[in-house]
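Novice: coords please:
(one chain, ligands or ions: 1)
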Amino acid sequence: MKISTEAFGLGASLITLTNAKGVSISFTNFGARVVNWVVDGKNIVWGFDSCQEYLEKDTYPGATIGRTAGRIKDGIVDINGQKIQLNQNEFPQTLHGGEDSFETKMWAYEVIDNGDMAEVKFYLTSEDGANGYPGKLDIVVSHSFDDNSCWAIDYEAVSTKDTVFNPTGHVYFNLTGDVSKPIDQHRLKLAASRMVALKDKTEIVRGDILDIKDTGLDFRQEKPMQDAFVSGHEQVELVGGIDHPFLLDDVDLDKEQARLTLGDLSVSVRTDRPSLVIFTANFGDLGTVYRGKALANHGGMTFEAQVSPGSEQISELGDITLKAGEIYRATTMYQLNK
Ligand code: FUC
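Specialist: Residues are numbered from 1 along each chain as shown. Reported below is the predicted structural model:
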């Protein structure tokens, strides 16, 4: 593995790993995020050119999200029967762990070269009470990349107090390499026959799980994203695309859960988390400029592996409690095929 490091602004680094196939992937310790994934000259993930640009435009793309990914209604969680108020950065909700969370932190890091695989390990301590979350939390997020072009994210964390923890990775893909082109013609295969319904434009959960078999949101047979966008499905109409937790039918790290394809390029997703939040960048005509190109509506899509948001309202979704001293572990992998 070829490894290079350069300055990325505000004292941060950009670390680039290039494998034997000539595919490269870059990470920065600002938000422990992925910035570039370049195959045949095409950059297939959203990214900016410096930390400053993330702060000016959007701090979420590619970032490690935490302590809790997605929206928590009224920012209230129940820990051991006690109601805890979290920072309400999308008032009255908590989004992605509250304001200035993992995505804007400078993480410590080290790079480990194992020959046909290299690993960038990011370290962060989140103080007891940060954004209202109990417990001092030590987190390690490891991004590894190998000669088969498999990018894996491993999470490990431990808290000094009982708390809640549900991180994710916020990479946006656009396999055209150009964010001004919508992902409508990307084909998706997704092993999910159920999805969590959203209530209204606040995008908190409604309280029910929807059977999506044979609807516009059923991707068990591969089909273009466009088919969902024009399906007229009430949940698609509500948010102008997809911004939903899909519940995986068979949670198993060894199984392909999702595959996004455009032409001869595809990315398959594996995870040990029970759901994938797919967000199709329903930003309308916002037009944020990435690498000189103005973002189109549906100019990218995420696969945010996590326990589905809304577990406070729907217990079937899982439990995001992390007990004091218990080790949290999770893994998600993105495999590039071409
Ligand atoms: C995703 C979405 C949200 C939000 C954010 C930036 O996780 O679920 O709606 O816009 O990212």
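
Novice: What number of residues are in the vicinity of Ala20?
Specialist: Neighbourhood size, Ala20 [other C-beta atoms under 10 Å]: 13. (Glycine included, C-beta is placed from N, CA and C.)

Novice: mind listing what it touches?
Specialist: With contact set as C-beta atoms under 8 Å, 6 or more residues apart in numbering, Ala20 has these partners: 1, 116, 147.

Novice: Could you report the separation of Thr94 from the ligand?
Specialist: Relative to the ligand, Thr94 is positioned 12 Å away (criterion: C-beta to the nearest ligand atom, to the nearest Å).

Novice: where does the nearest residue to that residue once chain neighbours are set aside land on pLDDT?
Specialist: Excluding the flanking residues, the one nearest Thr94 by C-beta to C-beta, 6 or more residues apart in numbering is Gly75, at 3.9 Å. Gly75 is assigned a pLDDT of 98 by the prediction.

Novice: Hmm, His96 and Gly75 touching each other?
Specialist: No. Using C-beta atoms under 8 Å, Gly75 makes no contact with His96, being 11.8 Å away.

Novice: out of those two, which sits in the busier spot?
Specialist: Neighbour comparison, Gly75 and His96: the larger count goes to His96, with 26 against 22 (by other C-beta under 10 Å).

Novice: what's the nearest residue to the more buried one if we skip its chain neighbours?
Specialist: Take His96 and drop its neighbours on the chain: the residue closest to it by C-beta to C-beta, 6+ apart is Ile65, 4.8 Å away.

Novice: quick one: contacts for Asn87?
Specialist: Contact analysis of Asn87 by C-beta under 8 Å, 6+ apart lists 75, 94, 98-99, 131-132.

Novice: Does the residue nearest to His96 touch Val171 like I think?
Specialist: No. Counting by C-beta under 8 Å, Ile65 does not reach Val171; the two are 10.5 Å apart.

Novice: about what we covered before: where do the contact lists of Gly75 and His96 overlap?
Specialist: Residues touching both Gly75 and His96 (C-beta under 8 Å, 6+ apart): none.

Novice: Could you report the separation of the closest residue to Ile76 other than its chain neighbours from Gly115?
Specialist: Of all residues not flanking Ile76 in the chain, Lys83 sits nearest, at 5.5 Å (C-beta to C-beta, 6+ apart). Per C-beta to C-beta, to the nearest Å, Lys83 is found 50 Å from Gly115.

Novice: can you check Thr5 too?
Specialist: Distance of Thr5 to Gly115, computed by C-beta to C-beta: 18 Å.

Novice: Looking at these two, which has the bigger crowd around it?
Specialist: Ranked by neighbour count (other C-beta under 10 Å), Thr5 and Gly115 place Thr5 first, with 13 against 9.
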